[in-house]
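# Need coordinates for the following:
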Amino acid sequence: MSRDKGLDLIEIAPQAQPPVCRIMDYGKYKYEQSRKERGQKAKQKQVEIKGVRIGLGTGKHDLEIRARQAEKFLSKGDKVRVEMILRGREKALLNVAFDKLNEFIKMIPVEVKIEQEIKKQPRGLATVISR
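Here you go, the predicted structure:
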């Protein structure tokens, strides 16, 4: 029957008794499957990690601006990596840096969830937050 119609005989379920087969154009079937997969990939949103850098001596107004910037990133659905850069002797003041970084996270107007705890990095401290 498939040869008469110029189509392919495709085995759908080989384990069934009797095996289930279908008469169809195999090339067209594969094309439709690839189109479905491409459509599903297009609908997925990639979560990006945006970055906000602050320093130990950063002023209050600048921190407020950075907090609004972080809020904008979070509202778009992205994760935010907050880095506190420490230079020279500032690296000896880790407890002060921890407090300032926690204070900055509290300044962000929206509710945030800490995805990655505050960790010491070679250049300072870093954490990842999300909404």
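# what bits of the chain have low per-residue confidence?
Along the chain, the model assigns pLDDT under 70 to no residue.
# Could you break it into its assigned domains?
In the assignment given by automatic domain parsing, the structural domains of the chain cover 2-43, 49-130.
# Could I get the ones you listed in TSV, plus columns for mean neighbour count?
Where C-beta positions appear, they are placed from N, C-alpha and C, glycine not excepted. As requested, the domains of the chain are exported to TSV (neighbours: other CB atoms under 10 Å):
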stretch	mean neighbour count
domain 2-43	10
domain 49-130	15
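# hey, where'd the strands end up in this structure?
8-13, 20-24, 49-55, 79-85, 113-121, 124-130 (DSSP state E).
# Which one of these lies nearest to residue 62?
Between residue 62 and the strands of the chain, the shortest gap by CB to CB is with strand 49-55, which sits at 7.7 Å.
# Could you list the paired strands of that closest one along with their orientation?
Counting by DSSP bridges, the strands paired with strand 49-55 are strand 79-85 (parallel).
# I'd like to check the angle between the strand it pairs with and strand 113-121, please.
30 degrees (axes from the mean of the first three to the mean of the last three CA atoms, to 10 degrees).
# Give me the contacts around strand 79-85.
Under the criterion CB atoms under 8 Å, 6 or more residues apart in numbering, residues 47-56, 70, 73-74, 97, 100-101, 104-105, 115, 121, 123-130 lie in contact with strand 79-85.
# Apply 6 Å and report the result again.
With contacts defined as CB atoms under 6 Å, 6 or more residues apart in numbering, strand 79-85 is touched by 49-55, 70, 73, 97, 101, 123-130.
# Same question for stretch 14-31.
With contacts defined as CB under 6 Å, 6+ apart, stretch 14-31 is touched by 2, 7, 8, 9, 10, 11, 12, 13.
# residues touching the first one, list them.
What that stands for is residue 2. Per CB under 6 Å, 6+ apart, neighbours of residue 2: 9, 23.
# ok, now how distant is it from residue 69?
Taking CB to CB, to the nearest Å as the measure, residue 2 falls 62 Å from residue 69.
# Dump the C-alpha coordinates for the longest helix seen in the chain into PDB.
With secondary structure taken from DSSP state H, the chain has its longest helix at helix 26-43. Output of helix 26-43 as PDB, limited to C-alpha atoms (Å, rounded to 0.1, in the frame of the first residue of the first chain):
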ATOM      1  CA  TYR A  26       9.100  10.300   6.600                       C
ATOM      2  CA  GLY A  27      10.900  13.400   5.400                       C
ATOM      3  CA  LYS A  28       7.800  15.500   6.000                       C
ATOM      4  CA  TYR A  29       7.400  14.000   9.500                       C
ATOM      5  CA  LYS A  30      11.000  14.700  10.400                       C
ATOM      6  CA  TYR A  31      10.700  18.300   9.200                       C
ATOM      7  CA  GLU A  32       7.600  18.900  11.300                       C
ATOM      8  CA  GLN A  33       9.300  17.400  14.300                       C
ATOM      9  CA  SER A  34      12.300  19.800  13.900                       C
ATOM     10  CA  ARG A  35       9.900  22.800  13.400                       C
ATOM     11  CA  LYS A  36       8.100  21.900  16.700                       C
ATOM     12  CA  GLU A  37      11.500  21.600  18.600                       C
ATOM     13  CA  ARG A  38      12.600  25.000  17.100                       C
ATOM     14  CA  GLY A  39       9.400  26.600  18.200                       C
ATOM     15  CA  GLN A  40       9.700  25.300  21.700                       C
ATOM     16  CA  LYS A  41      13.300  26.600  21.900                       C
ATOM     17  CA  ALA A  42      12.200  30.000  20.800                       C
ATOM     18  CA  LYS A  43       9.600  30.200  23.600                       C
END
